[in-house]
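In: Sharing a sequence plus its predicted fold:
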Amino acid sequence: EGLIKNTEFKNKIRVLKELGFITKDDVLDVKGKFAQHISSADIVILTMFVFEGGLISLKDDEMIASLAMTMTKAGGGSEDDIHPDYLPPSFFENKTLIEELGNQVVELEDKFGVQDELKEA
């Protein structure tokens, strides 16, 4: 079991390197240092969202709505729960960006053999 956990750890490091959180010398990069200070949400996706420019030029309410998208639990709602009448267009643009970033993380996790805790539960 210790060997499996060690392999899993190394695979997670590979994912973080590929995403630019850790340098080739195994040192935290700017993204890694940012993620280190986040205690909730999906840390990797939230950090990627910030560094991809997801918060640039947003008003406070738009920023809050966009950040809230990264902090929801899987299965916590449905597409029907989103009411476009009172949400700004930037919400939907950022929703798409977050989904794309999430897919990128999943693909890299699959590539490096990292197990998804949500899938295993």
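Out: Arrived safely, thanks for sending. This is a predicted model, so every value here is computed, not measured. Residues are numbered from 1 along each chain as shown.

In: which residues of this structure fall in helices?
Out: Counting by DSSP state H, the chain has these helices, from start to end: 2-18, 30-36, 43-51, 60-69, 89-111, 117-120.

In: Quick check, pLDDT for Leu16.
Out: pLDDT, Leu16: 92.

In: That one: what's it in contact with?
Out: Residues near Leu16 by Cβ atoms under 8 Å, 6 or more residues apart in numbering: Ile22, Gly32, Val44. For the C-beta atoms, the positions are set from N, CA and C on the backbone; glycine is no exception.

In: and the gap between the second one and Glu107?
Out: Plainly put, Gly32 is 20 Å away from Glu107 if you go by Cβ to Cβ, to the nearest Å.

In: Also the first one?
Out: Noted for Ile22: a distance of 18 Å to Glu107, by Cβ to Cβ.

In: So for these two, which sits in the more crowded spot?
Out: Between Ile22 and Glu107, counting by other Cβ atoms under 10 Å, Ile22 is the more crowded of the two (19 against 12).

In: so what's that one up against?
Out: Ile13, Leu16, Leu28, Asp29, Gly32.

In: Out of those residues, which two sit at the greatest distance?
Out: Ile13 and Asp29 (12.7 Å; Cβ to Cβ).

In: Tell me which residue lies nearest the centroid of this protein.
Out: Centroid-nearest residue in the chain: Ile45, 1.0 Å away (criterion: Cα atoms, centre = their mean).

In: Now for that one: which residues touch it?
Out: Contacts for Ile45 (Cβ under 8 Å, 6+ apart) come out as Thr70, Ile98, Leu101, Gly102, Val105.
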